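> please work out how this folds:
(chains A and B)
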Protein chains: 2
Amino acid sequence: MTLQNRQYRLAARPVGLAKHSDWKFTTEAVADPADGQVLVKVLQLSLDPAMRGWMNEGRSYIQPVGIGEVMRAGGVGKVAASKNPGFAAGDLVAGIFGIQEYCLVADAKQSGLHKIDPRMGTPAQWLNALGMPGMTAYFGLLEVGQAKAGDTVVVSGAAGAVGQTVGQVARIKGCRTVGIAGGKAKCDFVVNELKYDACIDYKGGNLRDGLKEHCPKGVDVYFDNVGGEILDTVLTRINRGARIVICGAISQYNNTTPVKGPSNYMMLLVARARMQGMVVFDYADRYGVAIKDIAQWTKEGKFISREDIVPGIENFPATMNKLFSGENFGKLVLKVAEA
Amino acid sequence: MTLQNRQYRLAARPVGLAKHSDWKFTTEAVADPADGQVLVKVLQLSLDPAMRGWMNEGRSYIQPVGIGEVMRAGGVGKVAASKNPGFAAGDLVAGIFGIQEYCLVADAKQSGLHKIDPRMGTPAQWLNALGMPGMTAYFGLLEVGQAKAGDTVVVSGAAGAVGQTVGQVARIKGCRTVGIAGGKAKCDFVVNELKYDACIDYKGGNLRDGLKEHCPKGVDVYFDNVGGEILDTVLTRINRGARIVICGAISQYNNTTPVKGPSNYMMLLVARARMQGMVVFDYADRYGVAIKDIAQWTKEGKFISREDIVPGIENFPATMNKLFSGENFGKLVLKVAEA
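Below is the predicted model of the structure:
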């Protein structure tokens, strides 16, 4: 019996939010691995805001996904067959697999293929705190943001995949942690489960007053996942020497009008502060350190993670758009197959 | 005979460009210095874009000038009388004197009062390359911008007070230097006299194409004096790890609409770059190092400075506005009295 592989391919470059017609759902036969190749059965896929950027043309930190190509996505899977001495059938692995049921990995290094330890976390956790969002949070906060004990750290998208780890790592490092999230349920989660010191509901109140109340000593590190008005408002509250980590700008990704730049960027001068961008891949050779820390904190009960797992590869287009409506709660994962 | 002191005081907070009615021209008798005080006869005053910011209310790196107060300005003067053991009549000094003919310095430290060496430069040079603009350029480029040999350094307002020193220091440090200025005369000055490698006329051509042509290896350091569209365009050409020094935003200072934030700020992420603000006063304890370097380079014929000296305190209001029309050429200085 020939295995069939269902795949989502990019059919057109979206204008604004991706529509169903921007995708093509294809089926093809699964090929056997040639020498050096590894065939991975995909279990779970990571859905991230950054994917929206990969669908656009133009200069970025990574090549855009080509029209007709399988949509790029990170995932966790199980090796189904291998002609690469580094991997054996049954190995649990993570890597860039794409939105599909099987991935024939030709170049293990280029696909970031690596074995993962199921005792350290579930597949979904390996896509969350132990995966890209967790690594982004850890290195963004500690390396780019240079957060240190006593700092006030503000995090937008605090209930999201990256935000949930940023606040917890900051708390563990001795910072005052203030989240920004949309809606009471998310804010409650941020305070009650992630144990942020406070969370401001940007939809329900006045962000400026919330920052005044909850950051009485100003803001030393702002970890920005959203951009737009929220970035502008936080800029008015930064301390001298503050560090603003530019991790994302989810409020702007589906814009059909020009991106709104931060009007208050001259606060960088007033505060002698800096705004710095980051891309998680730059820290790949040190992921091990972060994974060890996070797994240890989890074991000690200091750190939790939350995933929003949606089953069914056929649900990919609608599920991905949840990222931008603010609907999803925790790291969004698409479950393609049972382990 | 009682000496009379003519002064420009802030009468109202300007909306947009300052109007004559925003100033009050007053005359008062000069008082004798009390114990610890120094009476300075003002010779030349520095007119800087930053002064426009000091006229606004709101949080900044320095207290706003109060309504009714003498307008703040740095200057060079001669001690007329002193009851401070650190200064004697006849000393040439620099400090924050204000737009007036005499300044009674009550607190030498707070006014930044210090003796200057006339053998190292003229009064106007002490307000330019050896003064605030020079110090801003030197520390902004080398400390904040971390410019090093082989870097491509782009400087906006290249013919201006700060820009003229930035490019020359960068050249001396082994960088490729590309200026941005308005009009052929300024661009010619930047290339022929300041010895930048190239200068792009933002009024006369296509800045984007100019950057492509003159920065074939991209931009490592961008020293921004202007903000607005120019900042946005340079952002599209930055290299990985680039440093953007936010020194000013002259295009935005007289805005009556909100400041235009940099729409392309997400290039900071793509390029893992940083944008950092600076205030020259933070480097005050190291001015001596910079002054020594610049004086030495001048002596060796590697460094020049250009000032635009306008005589007559009564010309202050119109002269200051020249900063924002792009009319002035070189560091703008108001000459109040002969030495």
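> contacting residues for the residue lying closest to A:Pro262 once chain neighbours are set aside?
Ranked by CB to CB, 6 or more residues apart in numbering or on different chains and with sequence neighbours excluded, the top spatial neighbour of A:Pro262 is B:Gly261, at 4.2 Å. Any C-beta I mention is one placed from the backbone N, CA and C, and that applies to glycine too. Listed by CB atoms under 8 Å, 6 or more residues apart in numbering or on different chains, the contact set of B:Gly261 reads A:Asp232, A:Lys260, A:Gly261, A:Pro262, A:Ser263, A:Asn264, A:Tyr265.
> what does the stretch 51-200 of chain A put close to chain B?
A:Arg59, A:Ser60, A:Tyr61 (CB under 8 Å from any CB of the partner chain).
> domains for chain A, by residue range?
A:4-128+A:306-335, A:132-281 (automatic domain parsing).
> and these as JSON lines, adding distance to B:Pro311 and mean pLDDT?
Conversion of those to JSON lines gives the following (distance: least, CB to CB, whole Å; pLDDT from 0 to 100):
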{"stretch": "domain A:4-128+A:306-335", "distance to B:Pro311": "51", "mean pLDDT": "94"}
{"stretch": "domain A:132-281", "distance to B:Pro311": "32", "mean pLDDT": "94"}
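> packed most tightly, which of the ones you listed would that be?
domain A:132-281 (a mean of 22; mean count of other CB atoms under 10 Å in any protein chain shown).
> ranges for the strands of the stretch 51-200 of chain A?
A:74-82, A:92-96, A:102-105, A:114-115, A:152-156, A:176-181, A:198-201 (DSSP state E, counting those that start in this stretch).
> helices or strands up against the shortest one?
Okay, so that is strand A:114-115. For strand A:114-115, the elements it packs on are strand A:92-96, judged by 3 or more CB pairs under 8 Å, 6 or more residues apart in numbering or on different chains; DSSP states H and E.
> next one: the last one
When contacts are defined as 3+ CB pairs under 8 Å, 6+ apart, strand A:198-201 packs onto strand A:176-181, helix A:184-192, helix A:207-214.
> other SSEs contacting the shortest one?
Pointing back at strand A:176-181 there. Using 3+ CB pairs under 8 Å, 6+ apart, strand A:176-181 sits against strand A:152-156, helix A:161-172, helix A:184-192, strand A:198-201, helix A:207-214.
> of all the ones you listed, which one is nearest B:Lys217?
Shortest distance between B:Lys217 and the helices and strands packed on strand A:176-181, using CB to CB, is found for helix A:161-172: 32.9 Å.
> using PDB, list the CA coordinates for that closest one.
Output of helix A:161-172 as PDB, limited to C-alpha atoms (Å, rounded to 0.1, in the frame of the first residue of the first chain):
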ATOM      1  CA  ALA A 161       3.100  31.300  23.000                       C
ATOM      2  CA  VAL A 162       6.100  33.500  23.500                       C
ATOM      3  CA  GLY A 163       4.600  35.800  26.200                       C
ATOM      4  CA  GLN A 164       3.700  32.900  28.600                       C
ATOM      5  CA  THR A 165       7.400  31.900  28.700                       C
ATOM      6  CA  VAL A 166       8.800  35.500  28.900                       C
ATOM      7  CA  GLY A 167       6.900  36.400  32.000                       C
ATOM      8  CA  GLN A 168       7.600  33.100  33.800                       C
ATOM      9  CA  VAL A 169      11.400  33.300  33.000                       C
ATOM     10  CA  ALA A 170      11.400  37.000  34.100                       C
ATOM     11  CA  ARG A 171       9.600  36.100  37.400                       C
ATOM     12  CA  ILE A 172      12.100  33.300  38.100                       C
END
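> which residue packs closest to the residue nearest the centre of chain A, ignoring adjacent ones?
Centroid-nearest residue in chain A, with CA atoms, centre = their mean: A:Pro133, separated by 3.7 Å. Nearest residue to A:Pro133, sequence neighbours excluded (CB to CB, 6+ apart): A:Ala161, at 3.6 Å.
> pretty sure the one you found is touching A:Gly74, no?
No: shown here, A:Ala161 and A:Gly74 do not form a contact pair, counting by CB atoms under 8 Å, at 11.5 Å.
> that older thread, would you list the strands of the stretch 51-200 of chain A in JSON lines and tack on distance to B:Arg13?
As requested, the strands of the stretch 51-200 of chain A are exported to JSON lines (distance: least, CB to CB, whole Å):
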{"stretch": "strand A:74-82", "distance to B:Arg13": "53"}
{"stretch": "strand A:92-96", "distance to B:Arg13": "56"}
{"stretch": "strand A:102-105", "distance to B:Arg13": "63"}
{"stretch": "strand A:114-115", "distance to B:Arg13": "61"}
{"stretch": "strand A:152-156", "distance to B:Arg13": "31"}
{"stretch": "strand A:176-181", "distance to B:Arg13": "33"}
{"stretch": "strand A:198-201", "distance to B:Arg13": "32"}
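> ok, which of those comes nearest B:Lys41?
strand A:152-156 (48.4 Å).
> pairing partners for the closest one, with directions?
strand A:176-181 (parallel), strand A:219-224 (parallel) (DSSP bridges).
> any chance of CSV for the ones you listed, columns distance to B:Gln37?
Converted to CSV, the strands paired with strand A:152-156 look like this (distance: least, CB to CB, whole Å):
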stretch, distance to B:Gln37
strand A:176-181, 45
strand A:219-224, 40
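> nearest to A:Val79, out of those strands?
strand A:219-224 (35.4 Å).
> following element in sequence after the closest one, please.
helix A:228-235 (DSSP states H and E).
> elements contacting that following helix?
Against helix A:228-235 (3+ CB pairs under 8 Å, 6+ apart) you get strand A:152-156, helix A:207-214, strand A:219-224, strand A:238-246.
> packing partners of the last one?
Using 3+ CB pairs under 8 Å, 6+ apart, the elements in contact with strand A:238-246 are strand A:219-224, helix A:228-235, strand A:274-277.
> which residues does it contact?
Contact with strand A:238-246 is made by A:140-141, A:144-147, A:152, A:217-224, A:231, A:234-235, A:267-268, A:271-278, B:265-266, B:268-269, as judged by CB under 8 Å, 6+ apart.
> got the angle between that strand and helix A:228-235?
150 degrees (axes from the mean of the first three to the mean of the last three CA atoms, to 10 degrees).
> helix A:207-214 and strand A:238-246, what's the angle between them?
Using the same axes, to 10 degrees: strand A:238-246 against helix A:207-214 is 120 degrees.
> next helix or strand past strand A:238-246?
Taking DSSP H and E, what comes next after strand A:238-246 is helix A:267-270.
> mind giving me the packing neighbours of that next one?
strand B:274-277.
> list the neighbouring strands of the strand it packs on plus their orientation.
Partners of strand B:274-277 in its sheet, by DSSP bridges: strand A:274-277 (antiparallel), strand B:238-246 (parallel).
> what about it, distance to the chain center?
Chain-centre distance of strand B:274-277: 19 Å, with CA atoms, centre = their mean, to the nearest Å.
> now the helix or strand following it: buried residues?
For strand B:274-277, the following helix or strand on the C-terminal side (DSSP H and E) is helix B:287-299. Buried residues in helix B:287-299, counted by 16 or more other CB atoms under 10 Å in any protein chain shown: B:Tyr287, B:Ala290, B:Ile291, B:Asp293, B:Ile294, B:Ala295, B:Trp297, B:Thr298.
> who are the contact partners of the last one?
Right, the one you point to is B:Thr298. B:Gly121, B:Ala129, B:Ile304, B:Ser305.
> repeat for the fifth one
Going by CB under 8 Å, 6+ apart, B:Ile294 touches B:Ala129, B:Leu130, B:Gly134, B:Tyr138, B:Thr165, B:Val169, B:Phe303.
> tell me the one among these nearest to chain A.
B:Tyr138 (16.3 Å; CB to the nearest CB).
> the closest one contacts B:Val162, correct?
No: if you go by CB under 8 Å, B:Tyr138 and B:Val162 don't touch, sitting 9.8 Å apart.
> nearest to B:Gly174, out of the helices and strands packed on strand A:238-246?
Closest among the helices and strands packed on strand A:238-246, using CB to CB: strand A:274-277, at 24.8 Å.
> contacts for the closest one?
A:144, A:242-246, A:262, A:265, A:268, B:265-277.
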